[in-house]
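*Asks:* From the sequence below, what's the structure:
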Amino acid sequence: MPDWASILQKQGEASYVIPRSHREDMRVPGKVYASGALFDLLVADEACAQVVNVAALPGIVGWSLAMPDIHFGYGFPIGGVAAMDVDEGVISPGGVGFDINCGVRMLRTDLERGAVLERAGALGARLFSTIPCGVGSTGGIRLGAKDMERVLTRGAAWAAAQGFGDQADLEHSEQNGCLETHDTEGVSARARERGRNQLGTLGSGNHFIEVQFVDAVYDARAAAAFGLEHGLVTVMIHSGSRGLGAQVCQDSLRDMKDAVARYGIRLPDRQLACAPVTSPEGRRYYGAMAAAANYAWANRQCMAHLVRRAFEEVFGLGAARLGLRQVYDVAHNIAKIERHAVDGRERALCVHRKGATRAFPAGHPEAPEAYRDAGQPVLAPGDMGRCSFVLTGGPRVMQETWGSICHGAGRVQSRTAAKAAHTSRQVIEKLRARGVEIHARGKKTIVEEAPEAYKDVSLVVETCEKAGIARKVARLRPMIVIKG
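*Replies:* I've put the predicted structure just below:
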């Protein structure tokens, strides 16, 4: 492994550059955000090599970027951001990942922490029984062929039209919960079959539903705009496109491998299989990826409805009386066509965000109107024992990172290492000592998701803030965790 500690060149307080001279095929430099203890983790990981590989892709603009929650992934590092020129660049499934539009939705309530603590057992049990979770979990929503097509093209709007939420939810979602696509032909019959019974389900792994409370407010103005106050209870829902999205990625990778040969693309890693953005293969993947993203938004929309129903049943009041409103919904794994300033000129770019979050700041036209003065909320979950954050984009986010910041804590232990280091009993006891109640389908997930398996999200967020790409709004502490 290269000596990354000597290769990385410090730039400013919280970022490091991998110069183009490091490898002759690099088209742009690499830039990684890190500081303090995160730098030590960075140089011990092979993810920097993936930053270099991404820098060699055709049509990449500016930098090959990685957020401070970076860790090794498939093709791109998790935490990677890359913008490709639409006319000259490529689109890569490895730059989005298998769980297309894995993301987070956050609800806020008028309930205070004490009121929820009194009924934490009942609420946790109700949430666990209401939202299907675990590997291959299926739910009560069955999609026929016509409804599946509507989900793929309309996203969260389809779910809202069926009574799973309302228009306000859509207005407080990235892209209003729908990435426009007129081409769903790339979503295979197998992908549709895998997604037919999984709408409204959590899944497994790092997916979760978490009941939290606001324990610190850093930006009172933005917090007020988002409806957050010290001591109030919130809910985060973390899930994605389930088996449908994974199948879309698998199918597209086969397609892309043929495209690499067809277009004579030289790759440093075959996991970066790609095609020109405007090619038939590139357009087909983008259409299928957008459709899977819409499935994910519909999935979280349905789960949010189930969360509201669980709260209503436990507290005996309607969602409106409980103040259960959506703060925002953000994608963590997605590629989108966006317009950004490059060398003083606006250009259309295909921005890949894999384990990274869009963070358009105050005044940006794509921030929801209600949040225009504060900026789009960014939801950055930590591990299930420490804390999570609500952020906004910082003053340098548009010029440095294409309006992108971290997506959470980022793993520091593999699942295998976590299983070797912890037992489920140890994890449960530690969580109880911190006042956290956990419900999970199996002991394996509890061990794999031990808090120690993740970086400290506080360090990740502080690094983004030091770099000027993020601003802290509020910190949230976990109370109840639901895992697959």
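
*Asks:* Check for me that residue 64 belongs to a strand.
*Replies:* Yes - according to DSSP: H, G, I helix; E, B strand; the rest coil, residue 64 belongs to a strand.

*Asks:* Could you check how far it is from residue 325?
*Replies:* According to CB to CB, to the nearest Å, residue 64 stands 38 Å off from residue 325. Just so you know, the C-beta spots here come from the backbone N, C-alpha and C atoms, and that holds for glycine as well.

*Asks:* residues making contact with the helix or strand in which residue 192 is found?
*Replies:* In the assignment (DSSP states H and E), residue 192 maps to helix 189-195. For helix 189-195, the surrounding residues in contact (CB atoms under 8 Å, 6 or more residues apart in numbering) are 143, 145, 148, 241-248, 251, 288, 292, 295.

*Asks:* same thing but 6 Å
*Replies:* Contact partners of helix 189-195, identified using CB atoms under 6 Å, 6 or more residues apart in numbering, comprise 148, 243-244, 247-248, 295.

*Asks:* I'd like the list of the residues you listed that fall within helices, please.
*Replies:* Among the contacts of helix 189-195, DSSP state H puts 148, 243-244, 247-248, 295 in helices.

*Asks:* Would you indicate which residues of stretch 267-279 are buried?
*Replies:* 267-269, 271-277, 279 (16 or more other CB atoms under 10 Å).

*Asks:* nearest to residue 84, of the ones in helices among the contacts of helix 189-195?
*Replies:* Nearest to residue 84, judged by CB to CB, of those is residue 248 at 19.5 Å.

*Asks:* Now for the closest one: which residues touch it?
*Replies:* Contacts of residue 248 (CB under 6 Å, 6+ apart): 187, 191, 288, 292.

*Asks:* Report the beta-bridge partners for residue 78.
*Replies:* residue 71 (DSSP bridges).

*Asks:* so where's the stretch 151-300 of the chain shaky on pLDDT?
*Replies:* Applying pLDDT under 70 to the stretch 151-300 of the chain flags no residue at all.

*Asks:* Need the residue closest to the centroid of the protein.
*Replies:* Geometric centre of the chain, nearest residue: residue 332, 2.3 Å, by CA atoms, centre = their mean.

*Asks:* Against residue 343, how distant is it?
*Replies:* From residue 332 over to residue 343 (counting by CB to CB), the distance is 29 Å.

*Asks:* related to what we said a few turns ago, compare the contacts of residue 248 and tell me which is most surrounded.
*Replies:* residue 292 (33 neighbours; other CB atoms under 10 Å).

*Asks:* what residues does the helix or strand hosting residue 429 touch?
*Replies:* Using DSSP H and E, residue 429 sits in helix 424-433. Outside helix 424-433, the residues that touch it by CB under 6 Å, 6+ apart are 385, 438, 443, 446-447, 450.

*Asks:* repeat that for 10 Å
*Replies:* 384-385, 418, 422-423, 436-438, 440, 442-453, 478, 481 (CB atoms under 10 Å, 6 or more residues apart in numbering).

*Asks:* So which of those are in helices?
*Replies:* Reading helices off these with DSSP H, I get 418, 443-448.

*Asks:* which residues does residue 405 contact?
*Replies:* Taking CB under 10 Å, 6+ apart, we find residue 405 in contact with 33, 67-69, 81, 353, 356-359, 378, 380, 391-394, 397, 460-461, 463-465, 467, 469-471.

*Asks:* can we see that at 8 Å?
*Replies:* Residue 405 sits in contact with 67, 356-357, 359, 378, 380, 391, 393-394, 397, 464, 469-470, where contact means CB under 8 Å, 6+ apart.

*Asks:* Show me which of those residues are buried.
*Replies:* 67, 356-357, 359, 378, 380, 391, 393-394, 397, 464, 469-470.

*Asks:* coming back round to it: filter the contacts of residue 405 down to the ones in helices?
*Replies:* Those of these mapping onto helices are 397, 464, per DSSP H.

*Asks:* Switch the contacts of residue 405 over to a markdown table; also include pLDDT and distance to residue 207.
*Replies:* Below are those laid out as a markdown table (pLDDT from 0 to 100; distance: CB to CB, whole Å):
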| residue | pLDDT | distance to residue 207 |
| --- | --- | --- |
| 67 | 99 | 20 |
| 356 | 99 | 18 |
| 357 | 99 | 16 |
| 359 | 99 | 22 |
| 378 | 99 | 19 |
| 380 | 99 | 16 |
| 391 | 99 | 21 |
| 393 | 98 | 25 |
| 394 | 98 | 28 |
| 397 | 99 | 27 |
| 464 | 99 | 23 |
| 469 | 99 | 26 |
| 470 | 99 | 24 |
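
*Asks:* Closest one to residue 57 out of the contacts of residue 405, please.
*Replies:* Closest to residue 57, out of all of those and judged by CB to CB, is residue 356, at 16.3 Å.

*Asks:* Please enumerate the strands of the stretch 151-300 of the chain.
*Replies:* Assigned by DSSP state E, counting those that start in this stretch, the strands in the stretch 151-300 of the chain fall at 208-217, 232-239, 275-276.

*Asks:* Please identify which of the ones you listed is closest to residue 407.
*Replies:* Using CB to CB, these put strand 232-239 closest to residue 407, at 10.0 Å.

*Asks:* who's in contact with residue 457?
*Replies:* 69, 380-383, 386-389, 408-409.

*Asks:* what's it sitting at in phi/psi?
*Replies:* Backbone geometry at residue 457, expressed as degrees, to the nearest 10, gives phi -60, psi -20.

*Asks:* Tell me if I'm right that residue 277 and residue 90 touch.
*Replies:* Yes - the criterion here is CB atoms under 8 Å, and residue 277 meets it with residue 90 at 6.4 Å.

*Asks:* what residues are shared contacts of these two?
*Replies:* Common neighbours of residue 277 and residue 90 are listed as 59, 84 (criterion: CB under 8 Å, 6+ apart).

*Asks:* Counting neighbours, what do you get for the residue nearest to residue 348 when sequence neighbours are not counted?
*Replies:* Distances taken as CB to CB, 6 or more residues apart in numbering place residue 86 nearest to residue 348, at 4.3 Å, with adjacent residues excluded. Applying other CB under 10 Å, we find 19 residues neighbouring residue 86.

*Asks:* State the distance from the closest residue to residue 371 other than its chain neighbours to residue 370.
*Replies:* Nearest residue to residue 371, sequence neighbours excluded (CB to CB, 6+ apart): residue 225, at 5.6 Å. According to CB to CB, residue 225 and residue 370 sit 7 Å apart.

*Asks:* same deal with residue 350?
*Replies:* Distance, residue 350 to residue 370, by CB to CB: 29 Å.

*Asks:* Show me which of the two is the more surrounded one.
*Replies:* Between residue 350 and residue 370, counted using other CB under 10 Å, residue 350 has the larger neighbour count: 24 against 13.

*Asks:* Might one say that the more buried one is in contact with residue 336?
*Replies:* Yes - using CB under 8 Å, residue 350 makes contact with residue 336 at a distance of 7.4 Å.

*Asks:* buried ones in the helix holding residue 192?
*Replies:* 191-192, 194-195.

*Asks:* distance between the ends of stretch 50-63?
*Replies:* Stretch 50-63 has its terminal residues 13 Å apart, counting by CA to CA, to the nearest Å.

*Asks:* residue contacts, residue 447?
*Replies:* Per CB under 8 Å, 6+ apart, neighbours of residue 447: 418-419, 422-424, 427.

*Asks:* Now which of the residues you listed would you call buried?
*Replies:* Buried among the contacts of residue 447 by 16+ other CB under 10 Å: 418-419, 422, 424, 427.

*Asks:* Looking at the protein, which strand is longest?
*Replies:* Secondary structure assigned by DSSP state E gives strand 470-483 as the longest strand of the chain.
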